[in-house]
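Visitor: Structural data only, the sequence is not supplied:
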């Protein structure tokens, strides 16, 4: 990598969704601790999350045509704009963060064309001259831990006192949205239907929670307003519908104020972890929980992890009735919320060892 007398200007790349960007947070903080300027290149869906991460000095955006559920068309103009923006940043180094099933090589090529002098990434594919550090992740590694491994082997370490958990900048006080008093957040939606309850099942869970005495705050994006309205209506007067009412920063505040968050494998579950709130995670095994489960906070995984869909990466449930998640009973949900609620009681201690942080201190 060569000796450098001043701290480098470093570009971190994570082109996926908000949840993926949040999982990159510990690696970004490690990079920032050893850099004079840290920029994060993300996709449009990751912008709000990128702006919440400590250590990020600048956010660059590129809608990569090889990423996402609905990838953008190939655009020579937008590609040239990206190369110009990266070139203008005068970056000394770049870290390309990808999931275990993705290739970093398309963006690595663009970074080389933009004049970035040194690039590192995990890559199963032969990179030729595109990578200066071809890194190999350890098997069964959580995405957040794998990104930290890459940062460490690229020469970046977390600063003293940083425990490596997910983190965001201090969220706002959202009591004006949630009202006073304790509450449980139920986030029924997800980017793909395979990773969430059906609307009817989520509504029954909301009703069970309110019947047990919990005040329920139902959250979701603008596209989820019909879903959150249906779920909140089933729970009656003890449920509050915040569907479409928050941006990601405000949602962080709502999640930070919750005793427990009930959510699928989706960005808000990782955002809850980033603000330190325990998660009852409805985890469909279409992707492995060891890589994508809630990281660094107490959590309970709900759902049949040995279902026929395991490892399929399916977007729509391939099994009639969505049994891996819709088969989760109300008693399981209530037990998970009760157990996790004990972790937030006064005097409760979160896991602090490296091993517990990696596995998320599963209750």
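Guide: Received the coordinates, thanks. If you're wondering where the values come from, they're calculated on a predicted model, not measured in any experiment.
Visitor: And what about the closest residue to residue 267 other than its chain neighbours, helix, strand or coil?
Guide: Distance criterion CB to CB, 6 or more residues apart in numbering; nearest residue to residue 267, sequence neighbours excluded, is residue 19 at 3.7 Å. C-betas here are computed from N, CA, C, even on glycine. Using DSSP: H, G, I helix; E, B strand; the rest coil, the secondary structure recorded for residue 19 is helix.
Visitor: separation between residue 19 and residue 292?
Guide: Between residue 19 and residue 292 the computed distance is 8 Å (CB to CB, to the nearest Å).
Visitor: what's the neighbour count on residue 136?
Guide: For residue 136, the neighbour count with other CB atoms under 10 Å is 11.
Visitor: what's the answer for residue 341, then?
Guide: 18.
Visitor: could you measure it against residue 297, distance?
Guide: From residue 341 over to residue 297 (counting by CB to CB), the distance is 13 Å.
Visitor: Now for those two: what residues contact both?
Guide: Common contacts of residue 341 and residue 297 (CB atoms under 8 Å, 6 or more residues apart in numbering): residue 278.
Visitor: All the strands of the stretch 201-350 of the chain, residue numbers only.
Guide: 216-218, 239-241, 260-264, 279-282, 299-302 (DSSP state E, counting those that start in this stretch).
Visitor: do the stretch 1-150 of the chain as well
Guide: Taking DSSP E, counting those that start in this stretch as the test, the strands found in the stretch 1-150 of the chain are 9-14, 37-42, 58-61, 93-96, 118-122, 133-135.
Visitor: Adding distance to residue 160, mean pLDDT and mean neighbour count, write the ones you listed out as a markdown table.
Guide: Listed next are those as a markdown table, based on distance: least, CB to CB, whole Å; pLDDT from 0 to 100; neighbours: other CB atoms under 10 Å:
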| stretch | distance to residue 160 | mean pLDDT | mean neighbour count |
| --- | --- | --- | --- |
| strand 9-14 | 20 | 98 | 26 |
| strand 37-42 | 18 | 98 | 25 |
| strand 58-61 | 25 | 98 | 16 |
| strand 93-96 | 21 | 98 | 28 |
| strand 118-122 | 23 | 98 | 24 |
| strand 133-135 | 24 | 96 | 18 |
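Visitor: Distance to residue 149 for these - can I get that in CSV?
Guide: Rendered in CSV, the data for the strands of the stretch 1-150 of the chain read as follows (distance: least, CB to CB, whole Å):
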stretch, distance to residue 149
strand 9-14, 14
strand 37-42, 18
strand 58-61, 24
strand 93-96, 11
strand 118-122, 8
strand 133-135, 8
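Visitor: among those strands, which is nearest residue 173?
Guide: Each of those has some distance to residue 173 by CB to CB; the shortest is strand 58-61, at 24.5 Å.
Visitor: what's in contact with the closest one?
Guide: So strand 58-61 is contacted by 11, 37-44, 47, 50-51, 82, 85-86, 89 (CB under 8 Å, 6+ apart).
Visitor: roughly how far apart are residue 310 and residue 302?
Guide: 15 Å.
Visitor: Who has more neighbours out of the two?
Guide: residue 302 (24 against 16).
Visitor: residues contacting that one?
Guide: 280, 281, 282, 283, 325, 328, 332, 333, 336.
Visitor: Pairing-wise in the sheet, spell out the partners of it.
Guide: residue 282 (DSSP bridges).
Visitor: From residue 256, how far off is it?
Guide: 22 Å.
Visitor: likewise residue 199?
Guide: Taking CB to CB, one finds residue 199 at 26 Å from residue 256.
Visitor: can you check residue 147 too?
Guide: 23 Å.
Visitor: Just want to know which of those two has more residues nearby.
Guide: Neighbours of residue 147 and residue 256, each counted by other CB under 10 Å, are more numerous for residue 147; the result is 28 against 20.
Visitor: Am I right that that one is in contact with residue 20?
Guide: No: between residue 147 and residue 20 there is no contact under CB atoms under 8 Å: 9.6 Å.
Visitor: so which of the contacts of strand 58-61 comes closest to residue 166?
Guide: residue 50 (13.7 Å).
Visitor: separation between the closest one and residue 142?
Guide: 20 Å.
Visitor: Residue 287 now?
Guide: Counting by CB to CB - residue 287 and residue 142 are separated by 12 Å.
Visitor: swap in residue 209?
Guide: Taking CB to CB, one finds residue 209 at 29 Å from residue 142.
Visitor: Same check on residue 66?
Guide: In terms of CB to CB, residue 66 sits 24 Å off from residue 142.
Visitor: Which one's more surrounded, the two?
Guide: Applying other CB under 10 Å to residue 66 and residue 142 shows that residue 142 carries more neighbours, namely 22 against 13.
Visitor: Break the protein into its domains for me.
Guide: 9-153, 175-359 (automatic domain parsing).
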